[in-house]
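**Student:** Here is a sequence together with a model predicted from it:
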Amino acid sequence: MAPHSMSRELVELENRLRARPNDAGESDELRSRVMGAVAVELAKPLQSSRAGQWDGRYWAAAAAAVLIVMNLSLVSASREAVSIHPSVNSDQLSLELQWVRQLEAQPEGILK
Amino acid sequence: MASPTAHPLVVALAGGQPEAFAALYDRLGRSLLRVARVMLRNPDEAEDAVQDVFVELVRRRDRLAQVRDLDAYVFAILRHAIGRRLQRQRREKQRLTSFVPPAADKPDTGRADELTAALKTLPAEQREVIALKIDGGLTFAQIGEILNLSPNTAASRYRYAIEKLRLALE
């Protein structure tokens, strides 16, 4: 039903609502605050152009992060492939392998 | 009551002229604050919501030229700002009630009369349509645009809300 066909009772209620205390209060203070915020925001570049800048920076940072992670993974994998332990060099490793082979072949001889 | 959109004002707003934002505040600031007070039931939050609206308008000023009804657009921004704040209020309330028992709703200014108290008991959807009509001074066409309803549906919702308010006052 359209509002013009509302009963007189409802129209009176509507008028009471309009007249109720819901004043803005402190509006001058709020006005200054809002205008201050507007001035700060106006000093910044427009959101759309700023978003473009941030998009560019975001993708550059993301690409750099992916490259760093990939590089670290490669370094780590190659280290594992080259040596069993960083403190063991290849000479030590070959001596130890020789010792193990001797132990397998003649366990008593080495233990004596 | 909000007056129809003045085209030169939209142009000035889109151009980022501070005086245009001041003029818009002088035209709608009070109505915006009244609506925000009804919806948020907290005067400080309501003021912050009004500030959010103007900050958002500055950020979106390059899109203002496409706006058909500036007043409806501004109130739609307010509605989003209020929605975000209500969500945060709900989260805060949930967090607090896990530590302390829920307290009764405090009147926001101490001047709340019977009518204001009854208005607070209405569901948010009904309070919203009353606030936009009575406190925002908007037409049903504008309210429909903001709430994504036809003007007739907005009018029916308003009448239903007023009727419910009358029953709450009995």
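**Tutor:** Good, I have the coordinates.
**Student:** these two touch, right, B:Leu40 and B:Leu86?
**Tutor:** Yes. Using C-beta atoms under 8 Å, B:Leu40 makes contact with B:Leu86 at a distance of 6.9 Å. In short, each C-beta sits where N, CA and C put it, glycine included.
**Student:** between those two, who's got more neighbours?
**Tutor:** Between B:Leu40 and B:Leu86, counted using other C-beta atoms under 10 Å in any protein chain shown, the more crowded position is B:Leu40 (20 against 16).
**Student:** Would you report the backbone torsion angles of that one?
**Tutor:** phi -90, psi -20 (degrees, to the nearest 10).
**Student:** what about it, distance to chain A?
**Tutor:** Noted for B:Leu40: a distance of 12 Å to chain A, by C-beta to the nearest C-beta, to the nearest Å.
**Student:** B:Leu122: what's it in contact with?
**Tutor:** Counting by C-beta atoms under 8 Å, 6 or more residues apart in numbering or on different chains, B:Leu122 touches B:130, B:161, B:164-165, B:168.
**Student:** out of these, which are buried?
**Tutor:** Neighbour counting by 16 or more other C-beta atoms under 10 Å in any protein chain shown classes B:130, B:161, B:164-165 among the contacts of B:Leu122 as buried.
**Student:** These: which ones sit near chain A?
**Tutor:** B:130, B:165 (C-beta under 8 Å from any C-beta of the partner chain).
**Student:** quick one: pLDDT of B:Arg88?
**Tutor:** What the model reports as pLDDT for B:Arg88 is 89.
**Student:** Then the one 10 residues further on?
**Tutor:** pLDDT recorded at B:Ser98 is 71.
**Student:** So it versus chain A, what's the distance?
**Tutor:** In terms of C-beta to the nearest C-beta, B:Ser98 sits 33 Å off from chain A.
**Student:** Among the buried ones among the contacts of B:Leu122, name the ones in helices.
**Tutor:** B:130, B:161, B:164-165 (DSSP state H).
**Student:** Output the residues you listed as JSON lines; include the columns pLDDT.
**Tutor:** Output for these, formatted as JSON lines (pLDDT from 0 to 100):
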{"residue": "B:Ile130", "pLDDT": "94"}
{"residue": "B:Ala161", "pLDDT": "92"}
{"residue": "B:Lys164", "pLDDT": "91"}
{"residue": "B:Leu165", "pLDDT": "89"}
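**Student:** and the two most separated of these?
**Tutor:** The most widely separated members of those, counting by C-beta to C-beta, are B:Ile130 and B:Lys164 (9.6 Å).
**Student:** How many residues are close by the residue nearest to B:Val67 when sequence neighbours are not counted?
**Tutor:** In this structure, B:Val67 finds its nearest non-sequential neighbour in B:Tyr73, 4.6 Å apart by C-beta to C-beta, 6 or more residues apart in numbering or on different chains. Residues contacting B:Tyr73 under the criterion other C-beta under 10 Å number 21.
**Student:** what helix or strand is the closest residue to B:Val58 other than its chain neighbours on?
**Tutor:** Using C-beta to C-beta, 6+ apart and skipping residues adjacent in sequence, the residue nearest B:Val58 is A:Glu41, 4.0 Å away. Taking DSSP states H and E as the definition, A:Glu41 sits inside helix A:27-43.
**Student:** re earlier: the residue nearest to B:Val58 and B:Val55 touch, don't they?
**Tutor:** Yes. Shown here, A:Glu41 and B:Val55 form a contact pair, counting by C-beta under 8 Å, at 5.2 Å.
**Student:** Quickly list what's touching both of the two.
**Tutor:** Common neighbours of A:Glu41 and B:Val55, counting by C-beta under 8 Å, 6+ apart, are absent.
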